[in-house]
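Engineer: Provided below for reference: sequence and predicted model.
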Amino acid sequence: MLLAASVMVALAAMTATAGASLYVPYGGEAVAEAAWNETWNPTALSGGNNNCKPSAAHPYPVVLVHATFADEGSNFVTLAPLLANNGYCVYSFNYGKTILSGLLGSIDGLGNIERSAEELSSFVSKVLSKTGATQVDIVGHSQGGMMPGYYVRFLGGASKVHNLIGLSPSNHGTTVSGLTTQIEKFPFATLLVPTFLFVIGAPSLPQQEAGSAFEKKLFGSGDTVAGPRYVVIQTTHDEVVTPYANAFLNGAAANITIQKQCPSDPVGHVGMFEDSPVLQNVLNQLSASPNGSFQASCTKYGLGV
């Protein structure tokens with residue numbers, strides 16, 4: 001009797017926990033939590049990586065893919081619990097580790113992007129096996145919104161990805177506000193700078209430069225492939241993907257400029273992870289019938305960097 005009662009209490013506690021609303025941080029709270037996780041808890045994922053199974057209402061598990069210099073613990077302190085509270089089954093992972101990754105906590109996303117795409121491929125296969133789903137939705141920030149495109153195009157991901165949503169994705173590369181253009185005016189810089197970055201353990205940086213060999217390979221035969229539904233959510237204040245329109249994809253189901261909905265939103269590239277209008281758009285685009293005239297509530301703006 002005591003054993004049975006204990007089991008019933010435990011089951012009740014599990015059910016209560018599963019139905020609980022998770023706290024979703026924004027603003028300074030989100031930034032502080034992200035900084036803590038980046039250093040001390042890089043695999044933290046509130047509401048995710050919990051062996052969940054997708055529901056009939058949301059049949060595709062959502063795989064979150066972090067940005068360069070980030071990890072799942074820092075990048076998704078807001079989005080992961082927000083998705084879980086809305087009934088989504090959430091998974092994420094850390095990728096692209098190099099010799100530099102452990103210098104300050106867990107700085108990931110630095111490795112060769114083609115190898116990172118292979119890591120994503122392996123992770124998606126595990127999620128599909130674990131959940132029994134036929135496809136996943138992918139939401140990625142910066143490199144995390146672009147790198148899955150390689151998986152889709154070259155590694156068999158086209159049949160396994162339902163939505164590919166990029167938040168300020170580095171799709172067509174960056175000039176870093178003209179910095180790379182200026183650097184290349186110096187003799188041998190086009191050879192020496194990428195070589196230096198590869199040697200120090202950050203090959204993903206030159207690969208994300210506009211016009212790089214990697215970018216040409218990824219988009220040489222078009223921006224999209226048949227199968228996934230592509231969505232880009234971008235800010236006009238992006239100071240990393242420059243010009244900001246480099247994020248957009250020809251053939252995407254939606255290329256969303258957040259300031260067309262919220263003109264006063266100052267969010268920059270980094271702040272996309274905790275900007276409420278951006279994440280409201282993510283929820284709309286993940287829904288069974290995305291609203292093409294969606295208007296976000298213009299509150300809780302993200303960092304202007």
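Structural biologist: Yes, it's here.
Engineer: Is F123 in a helix, a strand, or coil?
Structural biologist: Under DSSP: H, G, I helix; E, B strand; the rest coil, F123 falls in the helix class.
Engineer: Local confidence estimate at A35?
Structural biologist: pLDDT, A35: 93.
Engineer: Please apply the same query to the one 3 residues further on.
Structural biologist: You'll see E38 listed with a pLDDT of 90.
Engineer: Then the one 10 residues further on?
Structural biologist: Among the per-residue scores, G48 holds a pLDDT of 98.
Engineer: residues contacting it?
Structural biologist: G48 makes contact with 64, 76, 80, 83-84, 90-92 under the criterion CB atoms under 8 Å, 6 or more residues apart in numbering. Bear in mind the C-beta positions are built from the backbone N, C-alpha and C, glycine included.
Engineer: Quick check: bridge partners of it?
Structural biologist: Beta bridges link G48 to V90 when assigned by DSSP bridges.
Engineer: wait, isn't Y150 in contact with R115?
Structural biologist: No: judged on CB atoms under 8 Å, Y150 makes no contact with R115 at a distance of 10.2 Å.
Engineer: who has more neighbours, those two?
Structural biologist: Set Y150 next to R115 and count neighbours by other CB atoms under 10 Å: Y150 wins out with 20 against 13.
Engineer: what secondary structure does that one sit in?
Structural biologist: What three-state DSSP gives for Y150 is helix.
Engineer: Flag the shaky bits of the stretch 51-200 of the chain, pLDDT-wise.
Structural biologist: Where the stretch 51-200 of the chain drops to pLDDT under 70, the residues are 100-105, 176-200.
Engineer: What segments of it are strands?
Structural biologist: With strands called from DSSP state E, counting those that start in this stretch, the stretch 51-200 of the chain shows them at 62-65, 90-92, 136-141, 161-167.
Engineer: Pull out the buried residues from stretch 75-92.
Structural biologist: Buried residues in stretch 75-92, defined by neighbour count with 16 or more other CB atoms under 10 Å: 75-84, 88-92.
Engineer: how far away is the residue lying closest to T134 once chain neighbours are set aside from P59?
Structural biologist: With sequence-adjacent residues excluded and distances taken as CB to CB, 6 or more residues apart in numbering, T134 is closest to L128, at 7.3 Å. Going from L128 to P59 by CB to CB, to the nearest Å gives 12 Å.
Engineer: what residues are shared contacts of the two?
Structural biologist: Residues touching both L128 and P59 (CB under 8 Å, 6+ apart): T134.
Engineer: quick one on the thing from earlier: wait, which of the contacts of G48 is closest to G268?
Structural biologist: Nearest to G268 among the contacts of G48: F76, at 17.9 Å, using CB to CB.
Engineer: residues contacting the closest one?
Structural biologist: Going by CB under 8 Å, 6+ apart, F76 touches 45, 48, 64, 66, 92, 273.
Engineer: Pull the most distant pair out of the residues you listed.
Structural biologist: G48 and F273 (14.3 Å).
Engineer: got a list of what Y151 touches?
Structural biologist: 117-118, 120-121, 124, 157, 161.
Engineer: To clarify, my last question referred to H66.
Structural biologist: H66 makes contacts with 72, 74-76, 92, 94-95, 108-109, 140-141, 144, as judged by CB under 8 Å, 6+ apart.
Engineer: Closest to Y244 out of those?
Structural biologist: Looking across these and measuring by CB to CB, the closest to Y244 is H141, at 14.6 Å.
Engineer: Report the beta-bridge partners for the closest one.
Structural biologist: L167.
Engineer: could you pull out the helices for the stretch 151-300 of the chain?
Structural biologist: Taking DSSP state H, counting those that start in this stretch, the helices of the stretch 151-300 of the chain run over residues 179-183, 189-199, 204-207, 213-219, 276-286.
Engineer: Next, count neighbours for the closest residue to K300 other than its chain neighbours.
Structural biologist: Among residues not flanking K300 along the chain, S276 sits closest, at 3.6 Å (CB to CB, 6+ apart). Neighbours of S276 under the rule other CB under 10 Å: 22.
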